[in-house]
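Participant: With the sequence up front, the predicted model follows.
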Amino acid sequence: MSYRNPQSFGARKRAGWGMDLYRNTRRSRIAGVCAGIADYWDVAHWVARLLFIAAFLFTGTLALWAYLAGWLLLAPRPRGSVPGAVMEEGAPQRPMEYDERRHDYRPQNPFRYSESASVRLERAQERLDGALRRVEAMERYVTSRRYQLNNAFSRL
């Protein structure tokens, strides 16, 4: 039983195989395969290139064939699209996770490790201490004579 749909291969390729996986021809050195994989995994481009060179040294031409297969199987990233952006409706999306530093959601990255629990606890403690200092400053102002004077002037 063969699957014959001539447009499905090209359409899936142009759609990034449903995984937002494209060649990055704008940041490419040769064909953009390493840069595209680096965008997908959210690592620096030089890391992906270094891993390819290491794979080439250890596997020989197998890595070269894999690069050529990536060149043929991955479509160039469409103009105006951003790595990790929300894809069209119905297409599978990459899992998102909350970034505490940016206070926003970003695509989940298997190579990005969160800080240890003690570092996160210290950061939360610093935020709570800052909030406590602001509340104490408000309490000092509300119970001061200056607040009473400002309140009396505002009623005039």
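Facilitator: Nice, I can see it. As the structure is a computational prediction, the values presented were derived from the model and not from experiment. Numbers count the residues shown, from 1 in each chain.
Participant: which element follows the helix or strand of the chain with the lowest mean pLDDT toward the C-terminus?
Facilitator: Ranking every helix and strand in the chain by mean pLDDT, DSSP states H and E puts helix 6-14 at the bottom, with a mean of 69. Next helix or strand after helix 6-14 toward the C-terminus (DSSP states H and E): helix 33-41.
Participant: what about the longest helix in the chain?
Facilitator: Secondary structure of the chain per DSSP state H: the longest helix is helix 117-142.
Participant: Just the CA trace of whichever helix or strand comes after that helix, in PDB.
Facilitator: With elements assigned by DSSP H and E, the helix or strand that comes after helix 117-142 is helix 145-155. Taking Å, rounded to 0.1, in the frame of the first residue of the first chain, the C-alpha atoms of helix 145-155 are listed here in PDB:
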ATOM      1  CA  ARG A 145       2.000  64.400  59.600                       C
ATOM      2  CA  ARG A 146       3.000  65.100  56.000                       C
ATOM      3  CA  TYR A 147       0.200  62.800  54.800                       C
ATOM      4  CA  GLN A 148      -2.300  64.500  57.100                       C
ATOM      5  CA  LEU A 149      -1.200  67.900  55.800                       C
ATOM      6  CA  ASN A 150      -1.400  66.700  52.100                       C
ATOM      7  CA  ASN A 151      -4.800  65.200  52.800                       C
ATOM      8  CA  ALA A 152      -6.100  68.500  54.400                       C
ATOM      9  CA  PHE A 153      -4.900  70.500  51.400                       C
ATOM     10  CA  SER A 154      -6.600  68.100  49.000                       C
ATOM     11  CA  ARG A 155      -9.900  68.600  50.800                       C
END
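Participant: Now do the same for residue 96: its pLDDT.
Facilitator: pLDDT, residue 96: 73.
Participant: Give the phi and psi angles for the residue nearest to it when sequence neighbours are not counted, as a check.
Facilitator: Spatially, and ignoring its direct neighbours in sequence, residue 96 is nearest to residue 105 (4.5 Å; C-beta to C-beta, 6 or more residues apart in numbering). The C-beta positions use only the backbone N, C-alpha and C, and glycine is treated the same way. The phi/psi pair for residue 105 (degrees, to the nearest 10) reads phi -90, psi 150.
Participant: can you pull up the bridge partners for residue 105?
Facilitator: Bridge pairing for residue 105 (DSSP bridges) gives the partners residue 98.
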